[in-house]
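Visitor: Return atomic coordinates for the entry below.
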Amino acid sequence: RRSSDLSVNQIKYGSILILMISFVIIKFQLNFGIINTLLSLFLILILIGIYCFYEFIKNLKGAGFVEEWHDLYGEKITDIPYFNENNKIINSFKKDGKNYNHELGEINKGKDYEKNDRNYYDLFIPYSSIKRKDKYNRIILFIHGGGWEHLNKGYIIHCSIRYAKYGYITAQMNHSYLSKGNKHISIFKILDEITACLENIKLKLKNMGFDENKLELAIGGASSGAHLSLLYGYSMKNIPLPLKFLINITGPLSLEPKYWYKLGKNVSPLDNIDNINIDNLIKEKKIVELYKNDYYYLDLMNKFVGNKYSDKELKEMMNNNKINYDNEKYKDLNNIVKYAYPINLINENSVPTLCFYGGTDTTIGIIHYYYLKKISEKFGNELDLVYMKNGGHFLLDYKTKEGMNSIKEMNYQILNYAKTYFTHDN
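Guide: Okay, here's the model as predicted:
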């Protein structure tokens, strides 16, 4: 990773020091046979691994990616199921569903979904909220990243704890994994899981004595979790709670190849992203394609729609490793998957969105924000950015003054959005 994600220099020089010491030890051990030498090498590798892990954890703590929760702060309820009494997740896209769309509803043959072992969430309820159950209470739901098919709610727990400490009810949810060949899971099922989770949160808080008419919502996530947050917030109808704003931490806006660019080799992060010219940046090789083969995007698109197409069919959609936009099967795929791109679903009624992107991110580049900004300006939507110039995909840059200021700004802006867009009473 880049130095903004790990302390590369510290790890490099620390490792060199360990290797120098190791050289002396190995030279000494050679006099005692090959077995002792191999054992020494093994122990040295363990030491280097421990050192690198220590530096990584120190980075996480320094950037605020580690938070702790104590019973004195409030209640923490873990692994709450969010499927219904029939062990189902309601398919809201089927006929007569709240988000009716024939093509999307038919991905699962128009049926509701069976529960699975990932349909659970955690809830953090600060005592300050418990003391004011009859007044406005604000909920922030966080969705983890992991490329739609990895990780879990524990990877975003630092956000849940941090903002619960500030007095907001927070939740973190697991969702079904997309996976190759699985026709039972699509991106649209995950949207229905978010609805099921929110309905359960609302019911649970109501049963605890909270006024359900005074509950308000924000949704946020990191990476693929940010994509899901934006997609849900921009597209879903009849959201169980009034949605006030969205938090987008390095989220992708589309799977179209034109969004997926990274910095060119030995190119410094962009200083200003307000007036960039994409064509010039490409021509000057300041940004380059993230993937040379478009199969990566087609494979993900196919997972988004519940693996409707075979590998052979996906490859038929390409010419010379690039998508053939005239291919009829690709057109059919795109007619469905276009509903899975937040960038296509923004409209004049979209809620305010707070974004965080890193200038050295080699996974989700700043180009995604560039296109989001253009479409948001078209509709007059509120959109704000905290740009971490030296931050990578995890936005870890606490080694520079600029980086530390960006991290502080990230926390400040989330709290500012909460203060601005949530309803507050005495």
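Visitor: Show me the strands in the stretch 51-200 of the chain, by range?
Guide: With strands called from DSSP state E, counting those that start in this stretch, the stretch 51-200 of the chain shows them at 74-81, 88-89, 113-114, 120-126, 137-143, 169-173.
Visitor: same thing with the stretch 301-426 of the chain?
Guide: 318-319, 322-323, 353-358, 383-388.
Visitor: So for Pro81, which of those sits nearest?
Guide: Nearest of the strands of the stretch 301-426 of the chain to Pro81, taken as CB to CB: strand 353-358 at 30.0 Å. The way it works is simple: take the backbone N, C-alpha and C, and place the C-beta from them, glycine included.
Visitor: Adjacent strands (with direction) for the closest one?
Guide: The strands beside strand 353-358 in its sheet (DSSP bridges) come out as strand 243-249 (parallel), strand 383-388 (parallel).
Visitor: Check the offset of stretch 83-102 from the chain's centre.
Guide: Offset of stretch 83-102 from its chain centre (CA atoms, centre = their mean, to the nearest Å): 25 Å.
Visitor: thinking again about what came up before, just name the most buried of the strands of the stretch 301-426 of the chain.
Guide: A comparison of these by mean neighbour count, using mean count of other CB atoms under 10 Å, puts strand 353-358 on top with a mean of 26.
Visitor: low pLDDT regions in the stretch 51-200 of the chain?
Guide: Scanning the stretch 51-200 of the chain for pLDDT under 70 picks out 53-64.
Visitor: again, 90 this time
Guide: 51-67 (pLDDT under 90).
Visitor: quick one, helices of it?
Guide: 102-105, 127-130, 157-165, 187-207 (DSSP state H, counting those that start in this stretch).
Visitor: Distance to Ser406 for those helices - can I get that in CSV?
Guide: Output for these, formatted as CSV (distance: least, CB to CB, whole Å):
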stretch, distance to Ser406
helix 102-105, 38
helix 127-130, 28
helix 157-165, 16
helix 187-207, 29
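Visitor: Out of the ones you listed, which gets nearest to Ile48?
Guide: Per CB to CB, nearest to Ile48 of the helices of the stretch 51-200 of the chain: helix 157-165, 27.1 Å.
Visitor: quick one: Lys389 and Asp271 touch, right?
Guide: Yes - using CB atoms under 8 Å, Lys389 is in contact with Asp271, at 7.1 Å.
Visitor: who's more crowded, the two?
Guide: Comparing Lys389 with Asp271 by other CB atoms under 10 Å, the one with more neighbours is Lys389, at 21 against 8.
Visitor: Quickly note the distance from the more buried one to Leu270.
Guide: 8 Å (CB to CB, to the nearest Å).
Visitor: what's the overlap in contacts for these two?
Guide: Gly359 (CB atoms under 8 Å, 6 or more residues apart in numbering).
Visitor: possible to save the strands of the stretch 51-200 of the chain as TSV with mean neighbour count?
Guide: Formatted as TSV, those follow (neighbours: other CB atoms under 10 Å):
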stretch	mean neighbour count
strand 74-81	14
strand 88-89	20
strand 113-114	18
strand 120-126	22
strand 137-143	26
strand 169-173	28
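Visitor: Which one, of those strands, ends up nearest to Tyr261?
Guide: Ranking the strands of the stretch 51-200 of the chain by proximity to Tyr261 (CB to CB) places strand 137-143 first, at 24.8 Å.
Visitor: these two touch, right, Gly365 and Lys262?
Guide: Yes - if you go by CB under 8 Å, Gly365 and Lys262 touch, sitting 5.1 Å apart.
Visitor: who's more crowded, the two?
Guide: Gly365 (25 against 19).
Visitor: rank the strands paired with strand 353-358 by pLDDT, which is bottom?
Guide: Lowest mean pLDDT within the strands paired with strand 353-358: strand 383-388, at a mean of 92.
Visitor: just how off-centre is that strand within its chain?
Guide: With CA atoms, centre = their mean, you get 16 Å for strand 383-388.
Visitor: Just the CA coordinates for it, please, in CSV.
Guide: Once non-C-alpha atoms are left out, strand 383-388 reads as follows in CSV (Å, rounded to 0.1, in the frame of the first residue of the first chain):
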residue,chain,number,x,y,z
LEU,A,383,-23.0,17.7,-1.9
ASP,A,384,-19.8,18.2,0.2
LEU,A,385,-16.4,16.7,0.0
VAL,A,386,-13.6,16.1,2.4
TYR,A,387,-10.6,15.5,0.1
MET,A,388,-7.7,13.6,1.8
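Visitor: Residues contacting it, please?
Guide: By CB under 8 Å, 6+ apart, strand 383-388 touches 4, 273, 352-359, 366, 369, 372-373, 376-377, 395, 397, 403, 406-407, 409-410, 413, 417.
Visitor: can you do 7 Å?
Guide: 273, 353-359, 369, 372-373, 376, 395, 397, 403, 406, 409-410, 413 (CB atoms under 7 Å, 6 or more residues apart in numbering).
Visitor: With stretch 314-334 instead?
Guide: Defining contact as CB under 7 Å, 6+ apart, one finds that stretch 314-334 is touched by Pro257, Lys292, Asn293, Asp294, Tyr295, Leu298, Asp299, Met301, Asn302, Val305, Tyr309, Glu313.
Visitor: Quick check: which of the residues you listed has the minimum pLDDT.
Guide: At the low end of pLDDT for the contacts of stretch 314-334 is Lys292, which has 93.
Visitor: Number of residues surrounding that one?
Guide: 10.
Visitor: Could you report the distance from it to Pro342?
Guide: 25 Å.
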